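K.L.:
Sequence first, then the predicted structure, then my questions.
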Amino acid sequence: MSSTLIYHLKEMVKDRYVLEQKIFAVDDFRRFPDGIKYRLVFIDTETDSRVLMDNHHPKGHHIHLDDQEFSYLYLGEGQLVDDFKKYIFQHLGVRI
C-alpha cells in the first residue's frame, strides 16, 4: 500500500490539550474503500479524556470517546474535520 500525507497538524491547545490530525490518501481500496486513512486525536492531558477518530482494516471508520467506541459514517474530509470538532465540544466542552 502506498500513501501520501495530505494533511497534518499537531499542537497544544490552551496549554492543556493535545491535538493531532493526520490524513493520508491511500491506494489500497480493498482495505480502505474511500481511498483515505486518518487518525484524529484530541486528549485532555489533565484528565486523560479523549476523542479519537480513525479508520483501519477491518473496523473501518469509527470514533472513540474515552473507552467507548462507535461506528462513524464517513462523508468526506471536510465533514470528518467538522464532526471531529463537534465531538470534541460535545464530549469535552472545548471549541477548536
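P.N.:
Now that the structure is in, tell me what you want to look at.
K.L.:
Could you pull out the strands in this protein for me?
P.N.:
Using DSSP state E, the strands of the chain run over 3-13, 17-26, 36-44, 50-56, 60-65, 68-71.
K.L.:
What strands line up against the second one, and which way round?
P.N.:
When pairs are called by DSSP bridges, strand 17-26 turns out to pair with strand 3-13 (antiparallel), strand 36-44 (antiparallel).
K.L.:
what does the first one rub up against?
P.N.:
Residues outside strand 3-13 that contact it (C-beta atoms under 8 Å, 6 or more residues apart in numbering): 18-27, 37, 42, 77, 94, 96. Just so you know, the C-beta spots here come from the backbone N, C-alpha and C atoms, and that holds for glycine as well.
K.L.:
what's the answer for stretch 89-96, then?
P.N.:
13-14, 17, 19, 42, 44, 49, 51, 65-66, 85, 88.
K.L.:
redo that, cut-off 10 Å
P.N.:
With contact meaning C-beta atoms under 10 Å, 6 or more residues apart in numbering, stretch 89-96 is reached by 11, 13-14, 16-17, 19, 42-44, 47, 49-51, 63, 65-66, 68, 81, 84-85, 88.
K.L.:
Dead centre of this structure: give me the residue that sits there.
P.N.:
Leu40 (2.4 Å; C-alpha atoms, centre = their mean).
K.L.:
Now do the same contact list for it.
P.N.:
7, 9, 19-23, 51-54, 63, 80-81, 83-85, 87-88.
K.L.:
ok, back up a step: list just the nearest of the contacts of strand 3-13 to Ser2.
P.N.:
Comparing the contacts of strand 3-13 against Ser2 with C-beta to C-beta places Asp27 closest, at 5.3 Å.
K.L.:
burial of the closest residue to Asp54 other than its chain neighbours, as a residue count?
P.N.:
What sits nearest to Asp54 in space, not counting adjacent residues and going by C-beta to C-beta, 6 or more residues apart in numbering, is Arg39, at 4.5 Å. Neighbourhood size, Arg39 [other C-beta atoms under 10 Å]: 14.
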